[in-house]
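K.L.:
coordinates only, sequence not included:
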Ligand code: KG4
Ligand code: ZN
């Protein structure tokens, strides 16, 4: 541990899926937040785990070096190294975990193992305004959809979740049906801006309690589109914006329905959104609206902290460091 007044400089590394990222947190600020994407997956319509691991292996050193340079921090100035421990693709996770362990051993500094989904939520503590505990967070990414009561930095209770596809997966699978390249979520959002959200109706599965299901919606979109294409091969092309707006409305409606129910059920009025799908403009607008109607304090992340990044790993690492929650060097990464 460093002396009380010395700066705490955290290097954070993220490689759980298809983004290789490094960030530096120092003196209450993110000094660098570097992300290298992987275009290689586009031609396959989804992330290919083996290719992701290889790309991480190529990207990790330059990404870390750029982050250190941008932050003006020397390796020897680092206090601790935080890395994503999981969930994620096992081969991809091993790249950041091995890199972080080697560097921490060489520099003789502590290691901080971070839960990827907790980090998405803790991104709310990077800048003001910060939510107060306990808050309710809808965490929506490509692999997870969870309603979480956040009682403290590392005390998170999942009170609802998807029983099949995640919300991001629902966006990406619907996009694939519509011939939109991976990851389709952001493009559906873009096309939906000039579409009519009430043009088409899709059936969805309504589960009791606070759980979600998106696989029925995906099937409904698939059958509807197949039927229309049989009559008009240009159906998707002719109606792309309306289709995207309608798909987006169906997903967001389902997300918001249980989110509002959870807020009422728990009585919590500190309400936050996290994960890649929190970049969705319709979801952001609907949450802001519900916040006004229900008198909630709403926390919507900045765009750069929605999708995978290492700044969120760094802030989670900082709070783990303050609590002395260090990771043993023998610790294994964990998969989804
Ligand atoms: O959190 P994230 O970057 O990675 C995981 O942890 O999975 O989330 C990625 C997901 C993808 O499914 C992507 O399509 C979705 O977030 N996404 C969006 C938008 N931006 C990213 N979905 C809808 N609208 C967006 N604007
Ligand atoms: Zn993520």
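P.N.:
Here it is on my side, so go on. Since the model is a prediction, treat every value here as computed from it, not as a measurement. Numbers count the residues shown, from 1 in each chain. Ligands and ions are numbered 1, 2, ... in the order given.
K.L.:
residue contacts, the residue sitting nearest the centre point of the chain?
P.N.:
In the chain, the residue lying closest to the centroid (CA atoms, centre = their mean) is residue 275, at 2.8 Å. The contact partners of residue 275, taken as CB atoms under 8 Å, 6 or more residues apart in numbering, are 117, 120, 139, 140, 141, 144, 168, 306. All C-beta spots, glycine's among them, are computed from the backbone N, C-alpha and C.
K.L.:
Quick check: chain neighbours aside, which residue is closest to residue 158?
P.N.:
In space, and not counting its chain neighbours, residue 158 is closest to residue 146: 5.0 Å by CB to CB, 6 or more residues apart in numbering.
K.L.:
Quick check on the one you found: phi, psi?
P.N.:
phi -140, psi 140 (degrees, to the nearest 10).
K.L.:
That one bridge partners, please.
P.N.:
residue 139, residue 161 (DSSP bridges).
K.L.:
correct me, but it touches residue 163?
P.N.:
No. Look at residue 146 against residue 163 with CB atoms under 8 Å: they stay out of range, at 11.7 Å.
K.L.:
okay, those two: which has more neighbours?
P.N.:
More crowded of residue 146 and residue 163, by other CB atoms under 10 Å: residue 146, with 24 against 12.
K.L.:
Per-residue pLDDT of residue 284, please?
P.N.:
Note on residue 284: pLDDT of 98.
K.L.:
quick one: secondary structure of it?
P.N.:
helix (DSSP: H, G, I helix; E, B strand; the rest coil).
K.L.:
Could you check how far it is from residue 187?
P.N.:
17 Å (CB to CB, to the nearest Å).
K.L.:
And for residue 216?
P.N.:
On the measure of CB to CB, residue 216 and residue 187 end up 23 Å apart.
K.L.:
touching ligand 1 at all, stretch 269-278?
P.N.:
Yes. Applying CB under 6 Å from any ligand atom, one finds stretch 269-278 in contact with ligand 1 at 275, 276, 277.
K.L.:
how deep is the closest residue to the first one other than its chain neighbours tucked in, by neighbour count?
P.N.:
Put plainly, it is residue 275. With sequence-adjacent residues excluded and distances taken as CB to CB, 6+ apart, residue 275 is closest to residue 141, at 3.7 Å. Using other CB under 10 Å, residue 141 has 25 other residues around it.
K.L.:
Please report phi then psi for residue 141.
P.N.:
Taking degrees, to the nearest 10 as the convention, residue 141 sits at phi -140, psi -170.
K.L.:
residues touching it, list them.
P.N.:
Residue 141 sits next to 117, 120, 166, 167, 168, 275, 276, 277 when contact means CB under 8 Å, 6+ apart.
K.L.:
looking at the protein, which residue lies furthest from center?
P.N.:
residue 231 (38.7 Å).
K.L.:
and the spatially closest residue to residue 302 that is not a sequence neighbour, how far is that from residue 30?
P.N.:
Leaving aside its sequence neighbours, residue 302 sits nearest to residue 127 (CB to CB, 6+ apart; 7.2 Å). Distance, residue 127 to residue 30, using CB to CB: 8 Å.
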